[in-house]
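S.K.: coords below, sequence missing:
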């Protein structure tokens, strides 16, 4: 990864980095110059990954300040960042070949309208990558850190999902699910929870107002991060095959229409 990616705090987020190999797997057969949507793109970490694969990328997010940071970080990449909600995606019908919607559905005001909009802008056969939070082993103990109910963009509008509930909902809206599994289990969730606590202590408050508000970690964190990331990847690989409940549900598939 290039140096500008390391200037994005999400480069050092266990949750974001654990998603990355799965995203890369989901786009491996995607044609070059495909139109990609990063819905709820925040500061553009995943948008930049897609853009560097020569896809035509559009990042949509309602948070003005996160989008401004994304534009600054990735000004050398051809990414169209648009300020809008997930319920009103400013793209034409049947436009998107692939989309990411990662840790977004829990925040939207209208889940039904969001899914309808996704279907509207997607072509028949559009590939997708979706993740949503799940209770996992620790319940909401770590999930609720940094997600104050009064927060405009980071508040959770609904409880954590479970595999049965999210798959049934997506199927109702013509999402054909090819893979669905848990991720982010014990070590990953504890480590991410501790980093959120440290972040809040340094900020002097208990929530963030958006991805733009996330601070860069200290040097010691950056030094140990590769080791922690390796352990969490290993944990993910082992526990996923034992069908234990994780704190993130990962879903691949395509739009049927």
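M.R.: Perfect, I can see it now. Every value quoted in this text rests on a predicted model; they were computed, and no experiment measured them.

S.K.: Who are the contact partners of residue 201?
M.R.: Under the criterion of Cβ atoms under 8 Å, 6 or more residues apart in numbering, residue 201 has no neighbours. C-beta here means a position set from N, CA and C on the backbone, and glycine is covered the same way.

S.K.: again, but for residue 91
M.R.: Residue 91 neighbours (Cβ under 8 Å, 6+ apart): 37, 58, 60, 121.

S.K.: from these, which ones fall inside strands?
M.R.: Counting by DSSP state E, the part of those found in strands is 37, 58, 60.

S.K.: how about CSV for the residues you listed, with pLDDT, distance to residue 77 and neighbour count added?
M.R.: Shown next, in CSV, are those (pLDDT from 0 to 100; distance: Cβ to Cβ, whole Å; neighbours: other Cβ atoms under 10 Å):
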residue, pLDDT, distance to residue 77, neighbour count
37, 98, 15, 29
58, 98, 12, 24
60, 98, 16, 27
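
S.K.: Among the residues you listed, which one sits closest to residue 204?
M.R.: For the ones in strands among the contacts of residue 91, the residue nearest residue 204 by Cβ to Cβ is residue 60; the value is 31.0 Å.

S.K.: Could you double-check that the closest one sits in contact with residue 44?
M.R.: No - with contacts counted by Cβ atoms under 8 Å, residue 60 stays clear of residue 44, the gap being 10.8 Å.

S.K.: can you give me the strands in the stretch 1-150 of the chain?
M.R.: 35-39, 56-61, 79-83, 96-102, 122-133 (DSSP state E, counting those that start in this stretch).
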